[in-house]
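[1] below are the sequence and a predicted model; questions follow.
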Amino acid sequence: MIRSLVNGEPRDQVSVLDRGLQFGDGLFETIAVTGGHPCLWDYHMQRLQSGCERLGITSPDVCLLKQEALELIADRSEAVLKITVTRGISERGYKPDPYESPTRILALFDWDGPDSDTLKIAVSPRRLGHNSDLAGIKHLNRLEQVLARAACPEDVDEALMLDHRGHVIEGMMSNLFCQEGQRLYTPSLQRCGVAGVVRALILEIAKEQG
C-alpha cells in the first residue's frame, strides 16, 4: 500500500507542467523507516538542502517535511519514505522562473526490512558521464542508473558503475568502500556519482576514529 502527499495534500498526481516531469528538474531522497522513525533524517535533509542550493531551488522547510513524513508513517513500523522536490510548474522552455513555487512530494512504500547481506554483483556495461556541476547530487535525472539496471541480468542485485575512463565510481544503488589494513578508500565523486548519506556517516566515523 502506498500513501502520498503532494504539497501537504493527500494526492497521488502532479501537474503535467511540473518541471520534475518535464525536465527532471528536482531532487529526491529515499529514506528507510524502521521502528516508525525515518533513519538518518538529518543526513538526508543536509543533502536535500545542499542539492537545492546547488540547483537554485528553494528548499522546503525541514520541520514541515518532518511533520508530513510522520503523518504519512503513522502506524507503519517498517517502510520506505521517498521525498521528491521539484522546481515547480512552468510552461514550455528550459529557463527557470525565479518566482516558481517548488513542488514537494512524499510517498510511503511497503518494505519488509533490509535485504540479505549476500549480493550478486556484476559490472555494468553502461558508463557514467562526467559533470562536476551535478556530481554528488541525487537529482531526478537517473537515466544512467535506469539503463544500467535494464542491462543487468535479472538475478544480479547490484552493479558496479564505471566512468568513461574505466574508473570504478559507485554501485548502481550504493556507494563503495575498500578496506586495506586500517585504511578505508572510497572513490572520488567530484565528477560523477551520488554522495550517499551512509557514505557521509562512514566518512564521519572514520575521521573521528583516525
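    It's in.
[2] from Glu208, how far out is the residue in the chain sticking out farthest from the centre?
    Farthest-out residue of the chain from its mean C-alpha position, per CA atoms, centre = their mean: Gly181, at 30.8 Å. With the distance defined as CB to CB, to the nearest Å, Gly181 ends up 18 Å from Glu208. The C-beta positions use only the backbone N, C-alpha and C, and glycine is treated the same way.
[3] again with Gly56
    Computed as CB to CB, the Gly56 to Glu208 distance reads 33 Å.
[4] how is this structure partitioned into domains?
    What automatic domain parsing lists as the domains of the chain is 3-110, 121-208.
[5] report pLDDT for Pro98.
    According to the prediction, Pro98 has pLDDT 78.
[6] can we start the residue count at 57 from this point?
    Sure, I'll start counting at 57 from here, so that last one is Pro154.
[7] could you look up the SS state of it?
    coil (DSSP: H, G, I helix; E, B strand; the rest coil).
[8] next, give phi and psi for it.
    Backbone torsions of Pro154, given as degrees, to the nearest 10, read phi -60, psi -10.
[9] now Leu104, what's its secondary structure?
    helix.
[10] chain neighbours aside, what residue packs nearest to it?
    Spatially, and ignoring its direct neighbours in sequence, Leu104 is nearest to Glu85 (5.4 Å; CB to CB, 6 or more residues apart in numbering).
[11] one more: Lys122?
    Trp97 (7.0 Å).
[12] mind listing the helices for the protein?
    With DSSP state H, the ranges of helices along the chain come out as 75-79, 97-111, 118-129, 199-207, 253-264.
[13] where does pLDDT dip in this protein?
    Applying pLDDT under 70 to the chain flags residues 57, 169-172.
[14] any chance you could map the strands in it?
    Along the chain, the segments classed as strands by DSSP state E run 59-62, 82-90, 93-94, 135-142, 159-166, 177-184, 214-219, 224-227, 234-236, 239-241.
[15] quick check: angle from the longest one to strand 135-142?
    So the one you mean is strand 82-90. 160 degrees (axes from the mean of the first three to the mean of the last three CA atoms, to 10 degrees).
[16] so how far is strand 82-90 off the chain centroid?
    Its chain's average C-alpha position is 6 Å from that of strand 82-90, according to CA atoms, centre = their mean, to the nearest Å.
[17] I'd assumed Val253 was in contact with Tyr99.
    Yes: between Tyr99 and Val253 there is a contact at 3.9 Å, judged by CB atoms under 8 Å.
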